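Colleague: Return a 3D structure for these sequence lines:
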Amino acid sequence: MKKLLAVVSVALVATGALAGNQPIQLSLTPDIALYGRTEQISGLSLSIWGENPQTGLALGLVNGSTGNSAGVSVGVLNYAENYKGLQWGLVNYTKQDFSGWQGGPFFGLLVSAVNYTGGTMTGFQCGVVNYAGKLAGLQLGLVNYATAVESGVQIGLVNIMPENRLFTGLPGELAPGMIFLNWHF
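Modeller: Residues are numbered from 1 along each chain as shown. Below is the predicted model of the structure:
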């Protein structure tokens, strides 16, 4: 029985290595994990703190997605280089481009505390504070900031789009800063 288990284990590891990705990742930290941090995970990641390029579902306290990753990340802190899908946590951070929905369960609401996308954010950010380097979508929160806007709407207490001109670009844009609502098309 032990030999059969060993043969099956070797076969599974070899098959995953030949395919170039792994179906599951278990990690305490990026360096104490089933697979190294450069290994592509296409499936499920269960982590205290995990960090891999991935496509699939990442569940953990801290979920790190490197390279061009996609799927669903659910945790306290989710961070990525480029991400497509859902980041669901108290803090969601994407260094470059994000496409999808950044949100989370903050005070029982469907919002996160902070959503940050350094590059282009295409989709929906729902949080207390939302930041996009370039907005192409909707920001819903108390404070919304977009350095540049391709086409977007901000709904919240403070909404800032510095490239907008003060009421001169109507109806395509509103103002650099507005309460309750701001847009740029």
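Colleague: List the contacts of the spatially closest residue to Gly43 that is not a sequence neighbour.
Modeller: Excluding the flanking residues, the one nearest Gly43 by Cβ to Cβ, 6 or more residues apart in numbering is Pro23, at 3.9 Å. (Each C-beta comes from the backbone N, C-alpha and C, glycine too.) Contacts of Pro23 were listed using Cβ atoms under 8 Å, 6 or more residues apart in numbering, and they are 16, 41-44.
Colleague: Quick one: the strands in this protein, in order.
Modeller: 21-29, 32-33, 40-52, 54-74, 77-88, 91-94, 98-103, 112-160, 177-184 (DSSP state E).
Colleague: Leu170: which of the ones you listed is closest?
Modeller: With respect to Leu170, and counting by Cβ to Cβ, the nearest of the strands of the chain is strand 177-184 at 10.1 Å.
Colleague: so that closest one versus strand 112-160, what angle?
Modeller: Using axes from the mean of the first three to the mean of the last three Cα atoms, to 10 degrees, the direction of strand 177-184 lies 90 degrees away from that of strand 112-160.
Colleague: Would you quantify the distance from the residue nearest the centre of the chain to Ser27?
Modeller: By Cα atoms, centre = their mean, the chain has its centre lying nearest to Gln87, at 4.0 Å. Using Cβ to Cβ, to the nearest Å, one gets 18 Å for the distance from Gln87 to Ser27.
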